[in-house]
Structure formats: structure tokens, C-alpha cells
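> need a structure here:
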Amino acid sequence: MRPVLLLAAMILVGACGKENPTQPPVLTVVLTAPKQTIAVGEPLQLTAIARDLNGLTVSGATFTYTNSAPTVANVNNDGRIIGLSAGSASIAATSAGISSSPVTITVTATAGVKVVTITGNTFVPATTNIQVGQTVAFDFPALAHNVIFTQRTGKPADIPATQSQTVTRVFGTAGTFPFDCTLHPGMSGQVVVAP
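Numbering: from 1, shown residues only. Alright, predicted model coming up:
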């Protein structure tokens, strides 16, 4: 009789000790956007939700994003988009092998705006070519970065540590303006401003 009680106690302890029950499988993924048209340099936050067989939200679900036109819009791992050039891009979210229906984002041209995105610890593009008076939009991901310009006449104000935002700078002087992220050594770029 004693072994039976011991076995019952072990089963009870084992059942109570499950702190991380298996999450329900993802049945559907829904991706929404607050609007479908943005301008070059404009950010947009997408919302992805994974639902289980009962239609309940699967908490802790992670998503990856696919993008049909990465030269038109950039989408980061958090579902944040920024318009890069005029055109349309179809974005879809995937969780546990299940993909959403794509959301089409149209990007309209904005005169004088170029975008520098940050992918990992890299400025993309590394060299941005503009004309005097044009704007560069620096798009920051969830990980904080800064933009510190080399001291020279006509340089714009530095950008302190920033995350999940887009910050613009206007270049009013011709020349080459190198910049670094001092938070991540070796992360450099430049803006070349033609007269």
C-alpha cells in the first residue's frame, strides 16, 4: 500500500509542478494596419495577433514578417514599417508556421526626403546622396542607437539615443557629413550633399 501512496504523491507533485503548460497551437494570424497609405519617411506600426482554435489570442506569440518590396518599404522585427520610395508593398506576418493575409501598403513620393534605416548594427544605406535643403529621415528600431555627426561646418544636430522612432535632419550645406553610432563601435555612415 505504501508504494501506491508514494506513486500517487509523485504524480500529484508532477502535475502541480508544470509551470509552463504547452501553449495552444496557432490556428490563424491576423495582421492589421491603421492606414494603407504612407509617405516616404513616414513610419507605420502594424499589429499582428495569433489566435488559437477557440479564437482566443495566443499570448507570447512571436512573429516574422515578409515583404514583397523591400525597396519600397522597410519592415522590422516588431512590425514597424517606414516608407522608402514610391510604390506598393505587401506585408504578411507569420507565427508558428501560420501566415496572415497580406496587407498592402502604398508609399507616396515626398520631395526631398531620403531614408536611412538601421538593420542590426548597420546604417542602410551607408551613403545617402541628397541635394542641399533635402531631408534625411533616420528610422530607429527597438534597440537604441544614436547618430553623432563628425564636427564640421553645416552639420545638423546630433541625434541622442533613440528607439522605435523616426527622426529627421535637414542638410542646408553642401559637403560630406560622416556619422557614427557611438553606442555600437564600427557602425558608421555618411550623407553626401550636392550643391
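> tell me the centre residue of the chain?
In the chain, the C-alpha nearest the mean C-alpha coordinate belongs to Asn76, at 2.5 Å (C-alpha atoms, centre = their mean).
> with adjacent residues omitted, what lies nearest to that one?
The spatially closest residue to Asn76, leaving aside those adjacent along the chain, is Pro141, at 5.0 Å (C-beta to C-beta, 6 or more residues apart in numbering). From N, CA and C alone the C-beta is placed, and that goes for glycine too.
> what packs against the strand ranked longest in the chain?
If each strand of the chain is counted by residues according to DSSP state E, the longest one is strand 87-95. Identification of packing neighbours for strand 87-95 by 3 or more C-beta pairs under 8 Å, 6 or more residues apart in numbering; DSSP states H and E yields strand 28-32, strand 47-51, strand 64-67, strand 73-75, strand 103-108.
> what's the local residue count around Ala111?
By the other C-beta atoms under 10 Å criterion, the neighbourhood of Ala111 contains 7 residues.
> that should have said Pro195, apologies.
Each residue near Pro195 was counted by other C-beta under 10 Å, and the total is 7.
> ok, now how distant is it from Val136?
Summarising the geometry, the distance separating Pro195 from Val136, computed by C-beta to C-beta, to the nearest Å, is 17 Å.
> neighbouring contacts of the longest strand of the chain?
Under the criterion C-beta atoms under 8 Å, 6 or more residues apart in numbering, residues 26, 29, 31, 46, 48, 50, 58, 61-73, 75, 79, 81, 99-107 lie in contact with strand 87-95.
> returning to what we had before: ok, the residue nearest to the centre of the chain touching Ala142?
Yes. Distance between Asn76 and Ala142: 7.4 Å, which falls inside the contact criterion (C-beta atoms under 8 Å).
> just say helix, strand or coil for Thr182.
Assigned state for Thr182: coil (three-state reduction, DSSP: H, G, I helix; E, B strand; the rest coil).
> can you list the domain ranges for the chain.
For the chain, the domain assignment from automatic domain parsing gives the residue ranges 28-108, 113-194.
> redo the ones you listed as a markdown table? Include mean pLDDT.
Written out in a markdown table, the entries for the domains of the chain read as follows (pLDDT from 0 to 100):
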| stretch | mean pLDDT |
| --- | --- |
| domain 28-108 | 95 |
| domain 113-194 | 96 |
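> what sits against Ala142?
With contacts defined as C-beta under 8 Å, 6+ apart, Ala142 is in contact with 76-78, 80, 163-164.
> correct me, but Gln163 touches Asn146?
No. At 10.1 Å, Gln163 and Asn146 do not qualify as touching, with contact defined as C-beta under 8 Å.
> between the two, who's got more neighbours?
Under the neighbour definition other C-beta under 10 Å, Gln163 and Asn146 were set side by side, and Asn146 has more, 18 against 11.
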